[in-house]
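Undergrad: What follows is a predicted protein model with its sequence.
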Amino acid sequence: MSRGSVLIAGFSGRALAQSARRAGYDPIVVDCFGDLDMRAAATSSACLPARVGVGFSRTPLIRALERLAADAPSPPIGLVLGAGFESNPQLIAALGQNFTLLGNSADVVRRVKSPTDFFSALVRLGIRHPETQLTPPSRAEGWLTKRIGGSGGIHIQDCPASVVPDARRYFQRRIGGDAISVLGVASPRGTAFGMSRQWVNPRGRHPYRYGGAAGPLTLDEDLEARLIDCALAVEREFGLNGLISLDFMIDGGEPSLIEVNARPGASLDVLDDSAGNLFRAHVSAFMGNENPADLLQAGWHPPEAAASAYLYADRGPLTVPAIDWPAWAVDQPSVGSLIAEGQPIATVRVEAANADAAEQLCRERLGSLEKMLYEGSPGETPYS
């Protein structure tokens, strides 16, 4: 029996749609890609264009969601937002006026994405973080520039020697270490956590482009405790609820908090289970019908280890060929889709005995899928 219809919107809706389906919901999805497996998981869907920097246009998105909601099997219980809204809290506010938002409010998102509000709060809380400022540094070496509300790493660049101040960007001192992401399912009644590590897939002008993630991780007990203490302090400070992620750099055993995403993130593909318990817990955090922490403690069974990574069209523009998609390839585009150079094509997701093995297998299969797609693409020269 269905738990009801639920609206989902984001740049890519596949992971959320599949988790919602596993949890027993009827997912109704608006995203930018319309991939085959998203449409297979969704009860109904619509594909809308969106720009990476500014996200969706308000009127087309609201109209698409209203149209899908009117035709849903049951009145949707609410709207879950994925990536694509952090740079436009005004759009989140508009969506909250038209739908029941199963996610953090526009004000919460604005505050965690405001460099002034967020890093000032970290200072008050005594949480270690990189030096951050709104004005260009006097010397660019060792500094990054980031777009406020950006996602996917493509908005991050090394600070150029000469830079014009831009109200849409801020500056952060570059620090080294291992990138660890803490996924939380937050609620006033309790919070559950899972850990994963991330890596980048650098290319040209995008040296910090997102590559992939692997987990769950077993960390040193003291380090894990400090990460959780930081996460709980930030959760309380900003009133965070539902699925969130906190990105840290760990250098010499010392964690520095880089940013918070007040929404479901890429680690959903790594840490969710066969029953979609992360999606169910996210919904429960806002509907109050179940305690998310109790729910996860009783029934959340993530894989022993998993990894997921994006395959980009780095060998050149791609016309998607008709191939027999392997089970470990998700976000599958339709035959004949045109993928511009450097854009994401699909995602590889694998399971293994531990996170290291999962990451290695994931990287190997990225190469296999790339070869399969480019060798079968009409008009392309086969790669040996």
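TA: It's in.
Undergrad: what's the helix or strand for the residue nearest the centre of the chain?
TA: Nearest residue to the geometric centre of the chain (C-alpha atoms, centre = their mean): Gly265, 2.7 Å. Gly265 belongs to no helix or strand when assigned by DSSP states H and E.
Undergrad: hang on, isn't it packed against Val185?
TA: No. Counting by C-beta atoms under 8 Å, Gly265 stays clear of Val185, with 12.0 Å between them. The C-beta positions use only the backbone N, C-alpha and C, and glycine is treated the same way.
Undergrad: what's the overlap in contacts for these two?
TA: 243-244 (C-beta atoms under 8 Å, 6 or more residues apart in numbering).
Undergrad: contact partners of the lowest-mean-pLDDT helix or strand in the chain?
TA: The least trusted helix or strand in the chain, going by mean pLDDT, DSSP states H and E, turns out to be helix 292-299, with a mean of 87. Under the contact criterion C-beta under 8 Å, 6+ apart, helix 292-299 has outside partners 185-187, 189-192, 242, 275, 277-278, 280-282, 284-285.
Undergrad: and with 7 Å instead?
TA: By C-beta atoms under 7 Å, 6 or more residues apart in numbering, the residues outside helix 292-299 that reach it are 185, 187, 189-192, 275, 277, 280-281, 284-285.
Undergrad: so Ser245 sits in a helix?
TA: No. Judged by DSSP: H, G, I helix; E, B strand; the rest coil, Ser245 forms no part of a helix; its state is strand.
Undergrad: who does it bridge with?
TA: Leu183, Asn261 (DSSP bridges).
Undergrad: Provide a list of residues in contact with it.
TA: Applying C-beta under 7 Å, 6+ apart to Ser245 gives the contacts 181-183, 261, 265, 267.
Undergrad: and with 8 Å instead?
TA: If you count contacts by C-beta under 8 Å, 6+ apart, then Ser245 has 181-184, 260-261, 265, 267 around it.
Undergrad: Tell me where the stretch 101-250 of the chain has strands.
TA: 132-133, 143-147, 157-158, 169-173, 178-186, 192-200, 210-215, 242-251 (DSSP state E, counting those that start in this stretch).
Undergrad: Dump those strands to TSV, plus mean pLDDT and distance to Ala64.
TA: Output for the strands of the stretch 101-250 of the chain, formatted as TSV (pLDDT from 0 to 100; distance: least, C-beta to C-beta, whole Å):
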stretch	mean pLDDT	distance to Ala64
strand 132-133	96	36
strand 143-147	95	26
strand 157-158	94	33
strand 169-173	96	30
strand 178-186	97	28
strand 192-200	96	31
strand 210-215	98	26
strand 242-251	97	23
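Undergrad: could I get these as CSV with distance to Ala306?
TA: Listed next are those as CSV, based on distance: least, C-beta to C-beta, whole Å:
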stretch, distance to Ala306
strand 132-133, 32
strand 143-147, 28
strand 157-158, 30
strand 169-173, 30
strand 178-186, 13
strand 192-200, 9
strand 210-215, 7
strand 242-251, 16
